[in-house]
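> below are the sequence and a predicted model; questions follow.
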Amino acid sequence: MNSAQFERLAREHFDLRPTAPIRELSAGNISRSAVVETDDGAVVLQDMNLSIFADPAGLMQNTERILQRMSEHNLLALSFIRSASGNWLADFDGTPWRCYRFVDGQATPDITTPEEAQSTARAFGRYAKAIDGLDLVEHVVGYHDFDARVAVFEAEVSADELGRGLSCEETIQDLLSIVDRLRLSAGYEAWREAPVRNAHNDAKGPNCIVGPTGGRTIIDLDTTMPGTVLSDIGEMVRSSTRSLDGATPAQYMAQIESVNRGFLAGYGGDLTAGERSAMLLSGPLMAVENAVRFLADHLSGDKFYGADAPNQNLDRAIAQLELSKRLIAAIEWATTG
């Protein structure tokens, strides 16, 4: 999108009157977004990638229900602006766009301390508790279905249509070995049998904005739908330990325990015994799930995540694989003495 197109989108479809040049925030793999300055404050225009979110109406129905529930629980929340035609979405050259007020604050892309991990996990726990029991559409089926993700990966390994498998055979076998190891672990069946609960499904620092006065706003609600809150705990562990290269097992465990403590403080005491027994496994599982997704994308030609450099998704997969090993080692150190 060029500046003239953003200008037309803002004026014609959302009745906005920009007071400064429209600034594009990102042109990522999932969505494009831009900030529009107006006399009434800054707003964000954001598209919806139909190759990922095939049911935008269902997604926005979820969003409307989520925001209402957040308001009822006095949680800071996004504020969406209807289009000029009165809808939540506006069609622009075949792509749905939406608009919401800019959230002032600072995201934390790399959580490095137990204190940051605990505070952010608590915010996601409060969010998950607020939306518990809400009737939401599962608009991306099996988003965190570990077995299904592994099956897709194995199919890409078998097909290897681009002939990339040979050059990363060692990584493929290493990853499959870790998958088998996790499936044999004590908490895996508890993970698979966890009750269906609404979850954010992408719980990490960049999706929790810390405002000027310290209040936290959960954003990027598009993946919120039925699943398991264990995926939120696991994603918080994964994302808050990925920058701890060179740390000791004790330091990894401090981060893991801070995430678990924070999420439980926000969510309350309603998790089942099975869910609690699978909490430690959630971090390695989410790291491995990311690894199989990245490596499957590498083998298939970087169709989903894209790549700005050769072997970028292979490198991403290796990083997640190594992280999963460090998390497993830390958990074994803590639980076996």
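Sure thing, it's come through.

> just the strands in the chain please.
Along the chain, the segments classed as strands by DSSP state E run 23-27, 32-38, 41-47, 80-81, 90-92, 95-101, 197-199, 208-210, 216-218, 225-227.

> which one of these lies nearest to residue 152?
strand 225-227 (17.3 Å; Cβ to Cβ). For every residue, glycine as well, the C-beta is placed using N, CA and C.

> neighbouring contacts of the closest one?
62, 136-140, 143-144, 196-199, 201 (Cβ atoms under 8 Å, 6 or more residues apart in numbering).

> still on that earlier bit, would you mind finding the most buried of the strands of the chain?
Comparing the strands of the chain by mean neighbour count (mean count of other Cβ atoms under 10 Å), strand 197-199 ranks first with a mean of 25.

> quick check: which helices or strands does that strand pack against?
Where contact means 3 or more Cβ pairs under 8 Å, 6 or more residues apart in numbering; DSSP states H and E, strand 197-199 is packed against helix 114-130, strand 225-227, helix 229-241.

> which among the contacts of strand 225-227 count as buried?
When the contacts of strand 225-227 are checked for burial by 16 or more other Cβ atoms under 10 Å, the buried set is 62, 136, 139, 140, 143, 144, 197, 198, 199, 201.

> excluding residues flanking it in the chain, which one is nearest the first one?
This points to residue 62. Leaving aside its sequence neighbours, residue 62 sits nearest to residue 136 (Cβ to Cβ, 6 or more residues apart in numbering; 4.8 Å).

> what sits against residue 57?
Contacts of residue 57 (Cβ under 8 Å, 6+ apart): residue 89.

> can you tell me how far it is from residue 82?
Computed as Cβ to Cβ, to the nearest Å, the residue 57 to residue 82 distance reads 14 Å.

> low-confidence ranges, the stretch 151-300 of the chain, go.
Across the stretch 151-300 of the chain, nothing is flagged by pLDDT under 70.

> relative to residue 273, which of the strands of the chain is closest?
Closest of the strands of the chain to residue 273 is strand 197-199, at 15.0 Å (criterion: Cβ to Cβ).

> that closest one: how far from the chain's middle?
Relative to the centre of its chain, strand 197-199 is centred 13 Å away, using Cα atoms, centre = their mean, to the nearest Å.

> repeat for stretch 184-199
Distance of stretch 184-199 from its chain centroid, counting by Cα atoms, centre = their mean, is 18 Å.

> got the contact list for that stretch?
With contacts defined as Cβ under 8 Å, 6+ apart, stretch 184-199 is touched by 128, 131-134, 136, 146-147, 182, 224-232, 272, 274-275, 277-282, 285.

> good, wrapping up.
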